[in-house]
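S.K.: Here's a sequence, model it:
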Amino acid sequence: MTVGEMSKRTGVAVSALHYYERMGLITSFRTAGNQRRFPRHMLRRVALVSVAKRLGIPLSDLQEAFADVPLTGTPSHEDWQKASRRWKRVLEQRRQGIERLEKELTGCIGCGCLSMKACTLLNPDDELGDTGAGARRVPLE
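M.R.: This is a model prediction of the structure:
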């Protein structure tokens with residue numbers, strides 16, 4: 001398939017397809033006339049990338065999930081099953097993290113302390129106490 005055909009079939013912009021290819025999420029080959037062609041099995045990969053993006057999953061997570069799915073040749077059912085299991089573990093970890101954040105945030109909103117110093121959500125275990133005065137941000141896990 002040409003890049004234009006792939007774009008039309010998937011609804012993904014040509015520039016995005018080129019970007020996905022640079023990231024190693026999809027691949028193409030060149031004809032004798034140096035035109036880019038995508039194998040038909042790339043449709044599934046592009047569809048999965050589109051779904052993941054819609055769900056807010058970083059492309060780097062997809063790189064990891066697709067790591068063992070061959071780019072050359074049509075992947076087998078087992079190849080996709082391995083990727084699916086790996087992706088499911090990542091999604092489960094995200095779900096658990098979101099649930100933890102939801103519980104903490106609900107407690108934080110109800111607390112009303114508005115204290116960067118004492119807030120267990122913004123400053124868990126007073127990790128910021130030794131870093132000096134002023135607002136600090138602690139990434140939530």
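
S.K.: residues touching Y20, list them.
M.R.: Taking CB atoms under 8 Å, 6 or more residues apart in numbering as the criterion, Y20 is in contact with 12, 26, 46, 49, 59. Where C-beta positions appear, they are placed from N, C-alpha and C, glycine not excepted.

S.K.: just these now: which is nearest T72?
M.R.: Closest approach between these and T72, by CB to CB: I26, at 11.5 Å.

S.K.: just checking, N34 is part of a helix?
M.R.: No - N34 is assigned coil when assessed by DSSP: H, G, I helix; E, B strand; the rest coil, not a helix.

S.K.: What pLDDT is listed against it?
M.R.: In this model, N34 is scored at 91, pLDDT.

S.K.: Just give me the neighbour total for the nearest residue to G11 once chain neighbours are set aside.
M.R.: Spatially, and ignoring its direct neighbours in sequence, G11 is nearest to S50 (7.3 Å; CB to CB, 6 or more residues apart in numbering). S50 sits with 15 neighbouring residues when counted by other CB atoms under 10 Å.

S.K.: Ok, the one 10 residues further on next?
M.R.: A count of nearby residues for S60, using other CB under 10 Å, gives 9.

S.K.: Could you check how far it is from L25?
M.R.: Remark: distance between S60 and L25 (CB to CB, to the nearest Å) = 10 Å.

S.K.: Can you give me the separation between P39 and V12?
M.R.: 16 Å.

S.K.: again, but for R37
M.R.: 16 Å.

S.K.: if you count what's nearby, which of those two comes out ahead?
M.R.: V12 (19 against 14).

S.K.: ok, and for the lowest-mean-pLDDT helix or strand in the chain, which residues are buried?
M.R.: The helix or strand of the chain with the poorest confidence is helix 77-111; it has a mean of 82 (mean pLDDT, DSSP states H and E). Within helix 77-111, the residues that count as buried by 16 or more other CB atoms under 10 Å are 82-83, 86-87, 104, 108.
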